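Chemist: when you get a sec, could you give me coordinates for this:
(one chain, ligands or ions: 1)
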Amino acid sequence: MDKSERSENLVKSELLRACKLLYRQKLVYATAGNVSHRCGDSIFITATGTSLGYVTPDSLVRLDMDGNVLEGGRPSSEYRMHLAIYNKFPKIKAVVHTHPTAATTLACLQTPIKTTLLAEAELFLGEVACAPYADPGTAELAEKMIYYVHGSNACLLESHGLVTWGATMKEALYRTELAEFTAKININAKSLGY
Ligand code: 13P
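Modeler: Next comes the predicted model:
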């Protein structure tokens, strides 16, 4: 096995592990959510309609940076959103789109996550962007999302969910977990009258 095959296998196994973790943590349900990992001048992304809890190597699709399929079946309908992030931020290696309960609740109410409530969130998430509604899986959603992110590492999608990214898969996952935890703290604080 040559070096590029080894790194490709590594990327795929990290991607599959991340999907299962997100499902176990209940950050996605049914076939919601999609995850991708950059691999040189291409990305691996989950196929459309995949349950992240039951992914197998056959659930992955390889795309070039323009969205053309290089290997596999039909990519996630959100591939444009993933590619928009990789193309805007060259250092980003992983993108995670989920529908976690608390963050999605705030997204439905068009209420930004107040990260200043929590030291870790302020430090590792910074400002979480909040993109106005567009239908899931459309070019419009990718365009609106990327327009609203500047220095952010995460973005709420109105009436839809959350997307985070990182220089490693671990970082992108951590930001998803932290955004959801911070959203819960926001909701608890609000219920106590803060
Ligand atoms: P896909 O099954 O096409 O990845 O779509 C799931 C989703 O969460 C859409 O936002």
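Chemist: buried sites along the helix or strand in which Leu178 is found?
Modeler: Element membership for Leu178 (DSSP states H and E) is helix 169-191. Applying a neighbour-count criterion of 16 or more other C-beta atoms under 10 Å, one finds 169, 171-187 buried in helix 169-191. Using the backbone N, CA and C atoms, a C-beta is placed for each residue, glycine as well.
Chemist: the helix or strand that Leu22 is a member of packs against which elements?
Modeler: Under the criterion of DSSP H and E, Leu22 resides in helix 3-24. Judged by 3 or more C-beta pairs under 8 Å, 6 or more residues apart in numbering; DSSP states H and E, helix 3-24 is in contact with strand 34-39, strand 42-46, strand 60-64, strand 94-98, helix 169-191.
Chemist: try it again at 7 Å.
Modeler: strand 34-39, strand 42-46, helix 169-191 (3 or more C-beta pairs under 7 Å, 6 or more residues apart in numbering; DSSP states H and E).
Chemist: how about the residues of this protein by the ligand?
Modeler: With C-beta under 6 Å from any ligand atom as the criterion, the chain comes near the ligand at residues Thr31, Ala32, Gly33, Asn34, Thr48, Gly49, Ser76, Ser77, Glu78, Pro136, Gly137.
Chemist: buried subset of those residues?
Modeler: Neighbour-count burial (16+ other C-beta under 10 Å) is assigned, among the residues of the chain next to the ligand, to Ala32, Gly33, Asn34, Thr48, Ser76, Glu78, Pro136, Gly137.
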